[in-house]
Structures are given as structure tokens and as C-alpha cells.
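> Make a model of this:
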Amino acid sequence: MIRVLVVDDSALVRRLIVTALADADDIEVVGTARDGYDAIDKVEDLRPDVVTLDIEMPNLDGIGALAVIHQRHPRLPVIMFSTLTERGAAATLEALSRGASDYVTKPSNTGSVSEGLASVREQMVPRIRALAGMRRLTSAPRPAAPVAPAPVAAAPIARQPAGLPQALVIGCSTGGPDALAQVLPALPADLGVPVLVVQHMPPVFTHMLAQRLDKVSSLTVREAVDGDVPRAGEVLIAPGDWHLRLRSTGAGVRVALDQGPQENFCRPAVDPLFRSAVEVYGGRVVAAVLTGMGQDGLEGARTLAQHGARVIAQDEATSVVWGMPGAVVQSRLADQVLPLPQIARALVAAVRRTPVLAR
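Residues are numbered from 1 along each chain as shown. Predicted coordinates:
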């Protein structure tokens, strides 16, 4: 059983989350807390596997409680429960930068109780399972004798370099904001190609994410707009609830945003971006698949690899959840599998077709 502590100042919301989790036969709510101080005490007493943590609470808010919990239990997954507002988005991104594992958005007040339950259940249950699984994996005792890691096989597709890359595309989900905050600021202003990013996030959140990343990056980072021309020196992030695709037009390559059906239960999804990059640039693309839950990006990475593009995946040890990059690696599509701190250097080398020199 996955032991969950639910923290929220509202008794109604606590009841909503407990009810939403009740149907999951592998999840047990072992306790609830009404504010940050109560949460800190309950973590020590109950030793949960996962904590759901409200952001806005009296006495000690979620950000303050998170700081203490993360300091004492750095591997304990914490899922923030956030409002779908600009203030909520800013607070959630701050929490993610301070060690929160993921977030779930609160249902709007306009829906029915059953819709609210369904929304919380659909968002929260998969995250709890994925994060608890990764915690147990990373907390497992290591063998006494050193064991050499299994070699990661190169893609079985026989491919030749397709020419100098014309774009860098990145896909990520759970843990992605923090991963992007490490990768994008490490890319140089003269990278020479446009960067396009899909991060699974709702509206408002992607805009705030772009603003935060722009402040710490040499490249200009902003939310993509329909009709944008991808340019070197810019990072375009798919806006929440819109797929980002690339299209060839008489005036050159343009961004096309659409609200077509979800793919891999997501919108924006990584696969539409990756597929469209092939349609526009062929194999002259470098792709990175970073931490994230699920398998979004797998089929797009397969298409990229078949056309000679270079695919780099984040390794398991540094991923919050190794679903997305793990699917690419296990399908033998990754040219390189790297820890997060090494990915930016590898991307620059791949874009410029230069070797990565050992330090």
C-alpha cells in the first residue's frame, strides 16, 4: 500500500481528496493535516510515502512546510495542490523549484462534485503511483558488491547524420520545470538554432514558466504564439491546452497551435511537436526527452530516429519519474542517456556537431 498524507486547511477539500483516492486499492490515506505545522508533525508521526500539500494555508503555508519537509526528508515525494490562477501558478513553480515533485490543479467551482472528484482522481492517482514507485526504486538498498550498469544499446535503426541540425526540440513532464531550469540556462546565446519545448502544463502555468526561465537564460524564452517564426536565440514553449506543431509555408517555417484531440492523455503533447519537426526539417533535428510520467514523446522520437535525428534521454537516477525518457531508452532510440547536469553540454555538441570533450 502507498501511504498518503493529505494536507489542506479546508475540511471540504481534505474530504474531496480522501474520497477521490478511496477507490484506488493500492493507496491508503493514513492521515490529514490542516496547516503546515500540523503537516510537519504528521510526516514525522505517520511516515507517509507521498504527501499532498495545499499551498495557501494559515499559520504556515505550503511553501514554508515544504522547506522543512524537504530538508528532513529529501526523497519524500510532495504533490502541491494548486489553484489554476496566476498567483497559484507562481506559487506552484516556486514550490517545484524548492523540491516539490509535482502538482495537481484544484477543480473549478463551476463543476459538479462528481466532476471535481473525477478531476482530482485522474490527476492525483497516477502521480502518487509514479512518484511512490520512483522513491522506492531510489531508496532500495544497493548490493554489497559493485555491479556494472547494463550497457544502453544504441538505436537499432541504421542511420547516418542527416545534415547540420536546424532545431532543438525538448519534451518533458513531471519534474520538467526544474529540469528545464537546469538545461536552458546552460545553453549559450549563440546556440544557432531555435529551441521548441513541450512541458505538460495547463494554461497560465506555461506563461509563468516561460517568464521564470527567461530571467535566468541567455536565450529569450517565451510562450509560443500561433504563426511565430522559430528563430535562433529563442526558446518557444507550447502554451497550456494547445499542441505546438511546425509547418512549412511559403514564408518559411511557422508555429501552428491547435486544440486537436489529446495525445497520450495530454495537450500539449510532445509527439505532435516531434513529428512535425521531421515534416519540416527531416532528420536535421536534435531532440531531448527529459523527466516525465507516461510515454509521450516515444513515437515522435522513433520518427526522428528513423530520419537520422539525434535523440538524447535523461537517465533514471536524475529523473523525478523515468517514464518518458525510460520509454525512449527501452525502445533503443536514444543515442545518449545522460544525467541531467550533462545534458546541456551534449545538446550543444549535437547541434554544432562537435565532440563533447572530457573535463
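
> domain parsing for this protein?
By the assignment in automatic domain parsing, the chain contains the domains 2-136, 167-352.

> Mean neighbour count, those domains: which tops it?
Highest mean neighbour count of those: domain 167-352, a mean of 21 (counted as mean count of other Cβ atoms under 10 Å). Heads up, the C-betas are built off the backbone N, CA and C, glycines and all.

> Show the average pLDDT along that one.
Averaging pLDDT along domain 167-352 gives 97.

> what about it, distance to the chain center?
11 Å (Cα atoms, centre = their mean, to the nearest Å).

> first to last residue in it, what's the distance?
End-to-end distance for domain 167-352: 11 Å, by Cα to Cα, to the nearest Å.

> next one: stretch 65-85
Stretch 65-85 has an end-to-end distance of 21 Å (Cα to Cα).

> same thing with stretch 42-59?
Stretch 42-59: ends 16 Å apart by Cα to Cα.

> got the contact list for residue 190?
Neighbour list for residue 190: residue 233 [criterion: Cβ atoms under 8 Å, 6 or more residues apart in numbering].

> Which residues are in contact with residue 248?
Going by Cβ under 8 Å, 6+ apart, the list of residues near residue 248 reads 279, 280.

> can you confirm it is in a strand?
Yes - with DSSP: H, G, I helix; E, B strand; the rest coil as the criterion, residue 248 is located in a strand.

> Please report the distance of it from residue 121.
Separation of residue 248 from residue 121 (Cβ to Cβ, to the nearest Å): 42 Å.

> try residue 210
From residue 210 across to residue 121, the span is 30 Å (Cβ to Cβ).

> repeat for residue 332
35 Å.

> Would you state the helices of the stretch 1-150 of the chain in chain order?
For the stretch 1-150 of the chain, applying DSSP state H, counting those that start in this stretch gives helices covering 11-22, 36-46, 62-72, 86-97, 113-139.

> Would you convert those into CSV that also reports mean pLDDT and distance to residue 272?
Formatted as CSV, the helices of the stretch 1-150 of the chain follow (pLDDT from 0 to 100; distance: least, Cβ to Cβ, whole Å):
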stretch, mean pLDDT, distance to residue 272
helix 11-22, 94, 30
helix 36-46, 98, 39
helix 62-72, 97, 33
helix 86-97, 94, 23
helix 113-139, 86, 21
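
> Throw those into a markdown table and include distance to residue 300, thanks.
Formatted as a markdown table, these follow (distance: least, Cβ to Cβ, whole Å):
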| stretch | distance to residue 300 |
| --- | --- |
| helix 11-22 | 32 |
| helix 36-46 | 39 |
| helix 62-72 | 33 |
| helix 86-97 | 25 |
| helix 113-139 | 21 |
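
> looking at these, which is closest to residue 80?
helix 86-97 (4.8 Å; Cβ to Cβ).

> That closest one: how far from the chain's middle?
14 Å.

> now the angle between helix 62-72 and it, please.
10 degrees (axes from the mean of the first three to the mean of the last three Cα atoms, to 10 degrees).

> With residue 304 as the reference, measure out to residue 208.
29 Å.

> Touching, residue 232 and residue 194? I think so.
Yes - using Cβ atoms under 8 Å, residue 232 is in contact with residue 194, at 5.9 Å.

> so where do the helices sit in the stretch 151-300 of the chain?
Taking DSSP H, counting those that start in this stretch as the test, the helices found in the stretch 151-300 of the chain are 176-183, 205-216, 270-281, 298-306.

> Serialize those helices to CSV and add fields for distance to residue 13.
Converted to CSV, the helices of the stretch 151-300 of the chain look like this (distance: least, Cβ to Cβ, whole Å):
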stretch, distance to residue 13
helix 176-183, 24
helix 205-216, 20
helix 270-281, 31
helix 298-306, 35
